[in-house]
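Asks: A structural model of the following input is requested.
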Amino acid sequence: MWPFTRQPQVSPEAETAKRAAEKSLQEAQAHQPVAEAKLTESNRVKEQIRAHNRANAYSDWIEGIVLGRLSGS
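Replies: Numbers count the residues shown, from 1 in each chain. The predicted model follows:
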């Protein structure tokens, strides 16, 4: 038997796809701090809205009691 050695050949399309994937990964990693900052800000705003809604609900509850007493008098 003849000792044939197979040379690994990579197609140009595979190389292009590999470079594109590497570039995409680098871009995603570069934008990660921005995305994390936006997520943190979003969570902070959500918590502020929840607190505001709780305060409004309490205010509405108190208003209901006061108006109920005033109309009952």
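Asks: Show me where this protein has its helices.
Replies: Assigned by DSSP state H, the helices in the chain fall at 12-72.
Asks: low pLDDT regions in it?
Replies: 1-2, 4, 7, 73 (pLDDT under 70).
Asks: ok, so what distance separates the most centrally placed residue in it from Q29?
Replies: The centre of the chain sits closest to L39, judged by Cα atoms, centre = their mean, with a distance of 5.1 Å. Here L39 is placed at a distance of 16 Å from Q29 (Cβ to Cβ, to the nearest Å). Heads up, the C-betas are built off the backbone N, CA and C, glycines and all.
Asks: do N56 as well
Replies: N56 is 41 Å from Q29, by Cβ to Cβ.
Asks: Next: V10.
Replies: In this structure, V10 and Q29 are 25 Å apart, going by Cβ to Cβ.
Asks: do the same with A55
Replies: 40 Å.
Asks: and if you look at V66?
Replies: From V66 to Q29 the distance is 57 Å (Cβ to Cβ).
Asks: do the same with P12
Replies: Distance, P12 to Q29, using Cβ to Cβ: 26 Å.
Asks: Ok, R50 next?
Replies: Relative to Q29, and taking Cβ to Cβ, R50 is found at 32 Å.
Asks: cool, Q9 as well?
Replies: In terms of Cβ to Cβ, Q9 sits 30 Å off from Q29.
Asks: which one of those two has more residues nearby?
Replies: Remark: of Q9 and Q29, Q29 carries more neighbours, 9 against 6, as counted by other Cβ atoms under 10 Å.
Asks: What are the neighbouring residues in contact with the more buried one?
Replies: For Q29, the contact set (Cβ atoms under 8 Å, 6 or more residues apart in numbering) is empty.
Asks: I'd like to know how far it sits from E15.
Replies: Applying Cβ to Cβ, the value for Q29 to E15 is 21 Å.
Asks: do Y58 as well
Replies: Taken as Cβ to Cβ, the span from Y58 to E15 is 63 Å.
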